[in-house]
Structure formats: structure tokens, C-alpha cells
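# kindly return the folded structure for what I paste below:
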Amino acid sequence: MTKLSGFCAALALCAAFGLPSMAQTTAPSADTVLATVNGVNITLGDVIVTRMGLPAQYQSLPDDQLFTGIVDQLVQQEALAQSLGDAVSKKSTIAIQGLKRSYLSNEALLAGIKDAVSDTEIQKAYEAKYKDMAPSLEYHASHILVDSEDKAKALLADIEGGQAFAEVAKANSTDGSAEGGGDLGWFGLGAMVKPFEDAVVAAPVGKAIGPIKTDFGWHLILVTETRPKAAPPLADVQDQIAAEVQKAAVEAFIKATEDKATITRTLEGIDPAVIKDVTLLDK
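The predicted structure is shown next:
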């Protein structure tokens, strides 16, 4: 039996009895070399980090396709980068420094606020935001919109004479609410243009009023009911509150980091327009 045939037989025995194969390689690590370009290593870590930065649609590609594709890309990039030799421009050097600064600052920020947006902090922010909410009303109203004051007055006379507001709205209103009898649903202050809102606030419940002039035309308004405006359920505003908590945490972390740093600014005497002078990058 030759040495080669003996080796093959050993592999077969390992497979048959579930024994470790002599041909097994060590477990891969971030430092596992996948390719070299003029002695510079492309590692598994390089591939993993590159994949992490890809858009979601590319990350969902089959692993074998993505694996070889990224390795090929990194090999090409390394070969192209090396082709510059020592001829790296000032612009390129500054750009590389900027990319490093941007990446590391983002990593620091993510680490600094990683525990900021918790359920507890969201609940605290929600309670703080709404506990002192000024009492106000919400209004359920309908309207009829027409293009002239005379038309509005004539329709108001019809309503006061006994015609149903909703029927008059369906037959005459020129906006999209006509189909529903002019019903605008519930709304709070700030939802409508000012002349309309002021009229709604002053209107007696159940009595049509008008004409009211806005930029849209002439309105007749009927407030059918009011109710106290309550704080929205946490579930309805959770995403908004979470964003506010995160924003506050980001601002606080940046301020604390800057406060610890020794920072000097020497902007005096520099014309801001100089930021457009790209020729400085060649000097």
C-alpha cells in the first residue's frame, strides 16, 4: 500500500466511525487569511466587516455568492490602492482621516447611548411630557364650503328653516367632505386654519354658524360635540417618545464628551468662503 492510499484509507475510517479527520482545519477567526495581494493579507474579518456595511438587499444574497464576491472586491480594491504607490494625494490622506474620524465617532456614540432608550426611560419621558399637559377640548364638527358669501347665507337660511345640515352639505359643499355630510371628524386646536378654528371654538354646540371666510372659501360650521383632550396612550406615541429620548441622550453624551476634552478654535481672520477653495488640497 502506498503512502497516499494509506492516507485515503485513514480518512475513510475516520468518516465511517465518526472520528476527527486528520485533514480538518482549525476553526476560522477574524485573522484567517483568505487572499494576499503583494504580501498584504485579505482576512475573514475584512470580509465580515464589509458584509456588515452592505445594504440589506445585498446581505440577503446566498452566502457562497456573497463570500466569493466580497473577497474578489477586496482583492481588486487592494490591488488598485497599491497601484498608487507613494503617490497618495493630500486630498486622499485627509479623506481617509475623515472616514476614520467619522467611523470611530459613530462607534463611540453608539456605545455611549446603548442603554439610553429603555422601556423605563421611555415611560419616564412619556409621563414627564404629558403630566402637565394643559387642559383643552377636541371638537367634532361638520362644515359646508361654498365660493360666495351670498351662497353661504342662503344655505344657512335653509338650515335654519329646518333642512338637515348633512343633506345641505351633500348637495352643495365643494370639498371632499361633502359625501359624508360635511363631517370633519374629531380635531384639536392647531389642526384647522385660524379663522375656522376661532369660529369652532366660539360656536355653540348643535347650532350652525357662518358664513366664515378662509382662504378656501366661505364656510358654514356645525359643532356637534366636544370632549376633553386626553393624553394619547403610550402605545400610540412610543416611537416618537423613543426618538426624543434618543435625541436627548445623543446631545447629552456629545456635550459630556466635549466638556471633558481640551478644545480650542482659531477661526478668527479666516474667510468662511475659503471652504470652496479646492486648490488648497494641491499645496
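# quick one: mean pLDDT for the stretch of helix or strand D72 belongs to?
D72 belongs to helix 63-83 when assigned by DSSP states H and E. Per-region confidence: helix 63-83 scores 96 on mean pLDDT.
# residues touching it, excluding its own?
34-35, 37-38, 40, 42, 46-47, 50-51, 58-59, 61 (C-beta atoms under 8 Å, 6 or more residues apart in numbering). From N, CA and C alone the C-beta is placed, and that goes for glycine too.
# pLDDT at I254, what is it?
pLDDT, I254: 97.
# look up how far E167 lies from it.
In this view, I254 and E167 are 60 Å apart by C-beta to C-beta, to the nearest Å.
# with I212 instead?
Distance, I212 to E167, by C-beta to C-beta: 20 Å.
# ok, these two, which is more surrounded?
Neighbour totals were compared for I212 and E167, and I212 leads with 21 against 13 (other C-beta atoms under 10 Å).
# now that one: phi and psi?
phi -120, psi 130 (degrees, to the nearest 10).
# ok, now how distant is the residue lying closest to L234 once chain neighbours are set aside from P232?
Spatially, and ignoring its direct neighbours in sequence, L234 is nearest to Y126 (5.2 Å; C-beta to C-beta, 6 or more residues apart in numbering). Distance, Y126 to P232, using C-beta to C-beta: 9 Å.
# now swap in I70 and tell me
Relative to P232, and taking C-beta to C-beta, I70 is found at 46 Å.
# of the two, who's got more company?
I70 (20 against 13).
# which helices and strands does the helix or strand harbouring E138 pack with?
Take DSSP H and E as the rule and E138 turns out to sit in strand 137-146. Applying 3 or more C-beta pairs under 8 Å, 6 or more residues apart in numbering; DSSP states H and E, one finds that strand 137-146 makes contact with helix 149-160, helix 165-172, strand 183-187, helix 194-202, strand 217-228.
# at 10 Å instead, please
Where contact means 3 or more C-beta pairs under 10 Å, 6 or more residues apart in numbering; DSSP states H and E, strand 137-146 is packed against helix 149-160, helix 165-172, strand 183-187, helix 194-202, strand 209-214, strand 217-228.
# can you give me the helices in the stretch 1-150 of the chain?
3-17, 44-52, 56-59, 63-83, 90-112, 119-130, 149-160 (DSSP state H, counting those that start in this stretch).
# what's the angle from the helix holding D72 to helix 44-52?
110 degrees (axes from the mean of the first three to the mean of the last three C-alpha atoms, to 10 degrees).
# just the angle between helix 63-83 and helix 90-112, please?
Going by the same axes, to 10 degrees, helix 63-83 makes 140 degrees with helix 90-112.
# neighbours around F253, how many?
Neighbourhood size, F253 [other C-beta under 10 Å]: 16.
# how about it, secondary structure?
helix (DSSP: H, G, I helix; E, B strand; the rest coil).
# for it, give me its contacts.
Counting by C-beta atoms under 10 Å, 6 or more residues apart in numbering, F253 touches 108-109, 111-113, 116.
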